[in-house]
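A.B. asks: Predicted structure and sequence below. I'll ask about it afterward.
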2 protein chains.
Amino acid sequence: MSSRPSPVPAAAASTTAPTPPAFNKRLADAIDRDGSVLCVGLDPRLDRLEEPIADFCRRIVDATIDAVVAYKPNSAFFEQLGATGWQALETVVRHIGGARIVILDAKRGDIGPTAAAYARAAFEAIGADALTVNPYLGGDSVAPFLADATHGAFVLCHTSNPGATDFQTLPVDGRPLYHRVAARVADDWNAADNAGLVVGATYPAALEAVRALAPRLPILVPGVGAQGGDVDAALAAGLDGGGRGLIVNSSREILYADDPRSAARRLRDALNAARERHR
Amino acid sequence: MSSRPSPVPAAAASTTAPTPPAFNKRLADAIDRDGSVLCVGLDPRLDRLEEPIADFCRRIVDATIDAVVAYKPNSAFFEQLGATGWQALETVVRHIGGARIVILDAKRGDIGPTAAAYARAAFEAIGADALTVNPYLGGDSVAPFLADATHGAFVLCHTSNPGATDFQTLPVDGRPLYHRVAARVADDWNAADNAGLVVGATYPAALEAVRALAPRLPILVPGVGAQGGDVDAALAAGLDGGGRGLIVNSSREILYADDPRSAARRLRDALNAARERHR
């Protein structure tokens, strides 16, 4: 290294920087760095709050950041406040400030140019690292969310709610539709290593089937706690063999706990113990 | 009627007002009143605009309102501007001011409490009359959008894009998945007369099949013009027998025409001529 001031401006020098890692690699690295597979869902329910929505979320982030690998703000609970809520969402993501992965739970899905606008909304306007997307409109509707490898998309596969069995489990050539979705994402849409899947903890058998079809994909698992999903069963079914490969979301049990910090740490520890048992 | 001032306060008196009509009835009445089945999609593409997004949309509304039955603002193109875009969306819907039906193209879909928050965002914060929703998460994810009969939801059935054939047409017990969706909406989710379907004009055979499965549902038809769908084929396949039952969306061909007013009137007239031919 020369001690002379470099004649190359910083901006130009940065063009020779190594390619930043793809989203799935970033997530795996973050799980190791943060020692957690816990994702806290930011679902600020107005009827439970006594303070502005952004203040509430920032307080939750400050209390839980040591215990989590990711936050999952739920777009709907901000959108219901209109422009004010959107501003609060931007404020909360800025407060997290890149210290943890941010997955915008938006479940978007639309034709190409519209999906590209949704991708700009999530990744640029809001500053999320990834978002949840709906597969019903097919490959060209998901492609814009996967165009930049450093940002990711979690594709809905088998959701945690009762209605998951209305269409997702219908038999297509003898196998449930959601198997088709899992295989398509694993075999085709994940070319840039930035696609994942959403599978609810309330259906551990589905989680096991999806893990078999998509051995390397990260799986976002909602539905533990209030929705009834069991932590141990979910991790036994969904881990990737190396004790990683999934992140488990909890919202209500942490946000509205008497002590959100303790609640988050307890769940992180329970998840890590289950990771050890099923490694 | 007595000339004495009524002792009953206005608010109490209004509780005896007749029940307002369900959304599908409102839409059918509006088609008759406005003499049009044309819906103009408000997709403000930033790279084509030389003015603020709200100003552009208000100018389009003022130029086209005599020719349309509905406007369909596309949420993505507002969201990409963050809180500013959201404010613009509220401004545009306020500008329309109830003079025409407003269908928010948002393609939302999420589990119950979240869907309820999205419904509040669309119907209360933004002031839309209806929105587009995605069926993949099943009945409980769509129910909150149909809870108030005066507001409606158009459920994605067979979309206009190439990816429509990735999952929507997969065979379930020998019939394509989108037939299942159409039948489910017609036979179950439309109990309050406020559900519709979305079927792309680019697949007229799908439109014909859906009309047979759902004789009474309004169908929102995107995809004419730039996406290649033919007006006459779409109306031949999708009308309900009374020359109504569908609304046809056009965005780019009107928004970016040299003269949006003339473009909207021409398309309205072409649609009305086709309605006469296929009545």
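C.D. replies: Thanks, I have the structure now. Residues are numbered from 1 along each chain as shown, chains lettered A, B, ... in the order given.

A.B. asks: what about the closest residue to chain B within the stretch 151-279 of chain A, neighbour count?
C.D. replies: Nearest residue of the stretch 151-279 of chain A to chain B: A:G163, at 2.2 Å (Cβ to the nearest Cβ). Backbone N, C-alpha and C define where each C-beta goes, glycine included. For A:G163, the count of nearby residues is 21 (other Cβ atoms under 10 Å in any protein chain shown).

A.B. asks: hang on, isn't it packed against B:D140?
C.D. replies: Yes: if you go by Cβ atoms under 8 Å, A:G163 and B:D140 touch, sitting 4.2 Å apart.

A.B. asks: For the two, list the residues in contact with both.
C.D. replies: B:I111 (Cβ atoms under 8 Å, 6 or more residues apart in numbering or on different chains).

A.B. asks: Assign the residue nearest the centre of chain A to helix, strand or coil.
C.D. replies: Nearest to the centroid of the C-alpha atoms of chain A, with distances taken as Cα atoms, centre = their mean, sits A:I103, at 4.2 Å. Here A:I103 is strand, with the state taken from DSSP: H, G, I helix; E, B strand; the rest coil.

A.B. asks: Tell me where the model's unsure across the stretch 1-150 of chain A.
C.D. replies: Scanning the stretch 1-150 of chain A with the threshold set as pLDDT under 70 gives A:1-16.

A.B. asks: Let's see that with 80 instead.
C.D. replies: A:1-17 (pLDDT under 80).

A.B. asks: do the stretch 151-279 of chain A as well
C.D. replies: A:225-229.

A.B. asks: How about the residues of it by chain B?
C.D. replies: Contact residues, the stretch 151-279 of chain A versus chain B (Cβ under 8 Å from any Cβ of the partner chain): A:156, A:159-168, A:170-173, A:177, A:180-181, A:184.

A.B. asks: From those, list the buried ones, please.
C.D. replies: A:156, A:159-161, A:163-168, A:170, A:172, A:177, A:180-181, A:184 (16 or more other Cβ atoms under 10 Å in any protein chain shown).

A.B. asks: So which of those belong to strands?
C.D. replies: A:156, A:172 (DSSP state E).

A.B. asks: Give me the nearest residue to A:G35, chain neighbours excluded.
C.D. replies: Leaving aside its sequence neighbours, A:G35 sits nearest to A:N272 (Cβ to Cβ, 6 or more residues apart in numbering or on different chains; 7.1 Å).

A.B. asks: Any buried residues in the host helix or strand of the one you found, and which?
C.D. replies: In this structure, A:N272 sits in helix A:260-277 according to DSSP states H and E. Buried residues in helix A:260-277, counted by 16+ other Cβ under 10 Å: A:260-261, A:263-265, A:267-268, A:270-272, A:274-275.

A.B. asks: Also stretch A:133-153?
C.D. replies: Under 16+ other Cβ under 10 Å, the buried positions of stretch A:133-153 are A:133-139, A:141-146, A:149-153.

A.B. asks: ok, now stretch A:195-211?
C.D. replies: So, applying 16+ other Cβ under 10 Å, buried residues of stretch A:195-211: A:195-204, A:206-207, A:209-211.

A.B. asks: Please apply the same query to stretch A:54-74.
C.D. replies: For stretch A:54-74, the neighbour count (16+ other Cβ under 10 Å) marks A:54, A:56-58, A:60-61, A:63-65, A:67-74 as buried.

A.B. asks: same question, stretch A:23-42
C.D. replies: Under 16+ other Cβ under 10 Å, the buried positions of stretch A:23-42 are A:23-24, A:26-28, A:30-31, A:34, A:36-42.

A.B. asks: Which ones among the residues of the stretch 151-279 of chain A next to chain B lie within helices?
C.D. replies: Counted as lying in helices by DSSP state H, out of these, are A:164-167, A:177, A:180-181, A:184.

A.B. asks: Quickly name whichever of the residues you listed is closest to A:G243.
C.D. replies: A:V181 (25.3 Å; Cβ to Cβ).
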